[in-house]
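1. Here is a sequence together with a model predicted from it:
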Amino acid sequence: MFITQSNYASTVGVCIETVGRRLKGVPHHSGAHGTYHYHLAAILPTVRPRELPALPLLVASAACHQTDSLYVGDALPTATCLIEWLPAGNRARLVNVQNQFVVGVANSNICAAPIVENLEALRTLIILQPDVLRYVLDAGDLPDMDRLSPAFALVNNTVFNMELAA
């Protein structure tokens, strides 16, 4: 899920210069016409408490590349930072998802040592999955965690296995 500076500014209700200052140093990808695209999870910690009611609109304005909805890559620092920033109500929703994620993996056929070794990291990364992020931020329904958990764990566990091999 990606968002531009102009989407951020119009959704949250701040000027583009303020957004530029807030997002200075946040990793981005260049889009058409020099537009910067930021991962939604990376910019959320820059949202001020008075702007929290705009979270569902911010999520709705983010563009999602559906071809890559499972793989989140090596984004553990981003996920950790986002979790630390979450307001209490949203954090409770995340805990619910994380618990269902662990149960979903445990009840699946892929519950084996290589997955279990990285379960805590995978449990942290689950917030970056677009449907989970929408749910945690009150902008969507809870995804079917029994189906999502094994697939997410399998796809994202390869990052940790490649680190061990290096």
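-> Received the coordinates, thanks. Numbers count the residues shown, from 1 in each chain.
2. residue ranges for the strands of the protein, please.
-> 2-4, 29-30, 36-39 (DSSP state E).
3. tell me how far the ends of stretch 64-80 are from each other?
-> Separation of the first and last residues of stretch 64-80 by CA to CA, to the nearest Å is 21 Å.
4. ok, the residue nearest to V47 when sequence neighbours are not counted - how many residues close by?
-> Residue nearest to V47 in three dimensions, not counting chain neighbours: V12, with 6.6 Å by CB to CB, 6 or more residues apart in numbering. (C-beta placed from N, C-alpha, C; glycine too.) Counted with other CB atoms under 10 Å, the neighbours of V12 add up to 23.
5. residue contacts, V12?
-> Applying CB atoms under 8 Å, 6 or more residues apart in numbering, we find V12 in contact with 19, 47, 51, 54, 58.
6. Centre-most residue in this protein?
-> L128 (2.1 Å; CA atoms, centre = their mean).
7. which residues touch it?
-> Going by CB under 8 Å, 6+ apart, the list of residues near L128 reads 41, 72, 75, 78-79, 82.
8. Check it and give its pLDDT.
-> We note a pLDDT of 94 for L128 in this prediction.
9. Look up how far L76 lies from it.
-> 9 Å (CB to CB, to the nearest Å).
10. do M1 as well
-> 18 Å.
11. Kindly report the same for V95.
-> Distance from V95 to L76, by CB to CB: 18 Å.
12. between the two, which one's more packed in?
-> Set V95 next to L76 and count neighbours by other CB under 10 Å: L76 wins out with 16 against 13.
13. L122 is in contact with the more buried one, correct?
-> No - distance between L76 and L122: 9.8 Å, which falls outside the contact criterion (CB atoms under 8 Å).
14. Neighbours of S69, how many?
-> Neighbours around S69, by other CB under 10 Å: 17.
15. How about the contacts made by the nearest residue to it once chain neighbours are set aside?
-> Spatial nearest neighbour of S69, chain neighbours left out: P130 (5.4 Å); criterion: CB to CB, 6+ apart. By CB under 8 Å, 6+ apart, the residues touching P130 are 1, 64, 69.
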